[in-house]
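[1] any chance you can model this:
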Amino acid sequence: MRKALTVLVVAVAALVATATPALAHNVLISTDPAKGAALDTGPARITLTFDAPVQGGDINQVSVLGPDRSQWAEGTVEINSNVVSAPVRPLGPAGTYTVGYRILSADGHPVEGEYTFTLTKAGNGTPATAGAATGAAQQSDDGSGGSGVPVWVWILGAVVLLAIGLTLALRTGREKTQ
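    All right, here's what the predicted structure looks like:
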């Protein structure tokens, strides 16, 4: 009975020690330009900051639609850990611009949303083609396996569990000699 209780305690301790927090979808925490901002001149880039690293891949997209629903974002979407940015053409008509995004979350699920800002003075820019800002040119290499947890943590956890199991097997397999 004592051996079974010891094995149970060690197993529970191993599970608690190697438990990771539940993975959740990324949440947008800040934008540049800010949500609802009124600007005299258009931004050169849209920058979106999320609460967790964003995965690379062609699914990451940023669009900027003008008052006439024309596309103003153009170029390659860049990812640097939890910051996603895309270049924007010089804006044209005054009015409300809608920034839309679709990114690949740290847990592997796509996250999308949108917000608006207002251009108060008309610019002299011309719109881009639809879907002009897509893809990922730059992905920072933080040594993680895509889930936000570095691979070495998983390897170390597996080695520790193996050592605990081997130690318990050797100790419980011996007969007591008197």
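[2] remind me which helix or strand residue 163 belongs to.
    Residue 163 belongs to helix 151-173 when assigned by DSSP states H and E.
[3] who does that helix touch, helix- and strand-wise?
    In terms of contacts (3 or more Cβ pairs under 8 Å, 6 or more residues apart in numbering; DSSP states H and E), helix 151-173 is packed against helix 2-18. Backbone N, C-alpha and C define where each C-beta goes, glycine included.
[4] which residues touch the very next helix or strand once past the helix it packs on?
    Later in the chain than helix 2-18, the nearest helix or strand by DSSP H and E is strand 28-32. By Cβ atoms under 8 Å, 6 or more residues apart in numbering, the residues outside strand 28-32 that reach it are 43, 45-51, 99, 101, 111, 113, 115.
[5] which of those sits closest to residue 57?
    residue 111 (12.8 Å; Cβ to Cβ).
[6] ok, that closest one touching residue 100?
    No: using Cβ atoms under 8 Å, residue 111 is not in contact with residue 100; the gap is 11.9 Å.
[7] neighbour count for those two, which is higher?
    residue 111 (18 against 15; other Cβ atoms under 10 Å).
[8] please name the nearest non-neighbouring residue to that one.
    In space, and not counting its chain neighbours, residue 111 is closest to residue 105: 4.7 Å by Cβ to Cβ, 6 or more residues apart in numbering.
[9] tell me, how many residues neighbour that neighbour?
    20.
[10] and it, how far is that from residue 61?
    Per Cβ to Cβ, to the nearest Å, residue 105 is found 14 Å from residue 61.
[11] list the contacts for residue 105?
    25-26, 52, 54-55, 111.
[12] confidence score at residue 155?
    pLDDT recorded at residue 155 is 82.
[13] and the closest residue to residue 91 other than its chain neighbours, how far from residue 154?
    Among residues not flanking residue 91 along the chain, residue 42 sits closest, at 3.1 Å (Cβ to Cβ, 6+ apart). Residue 42 sits 45 Å away from residue 154, taking Cβ to Cβ as the criterion.
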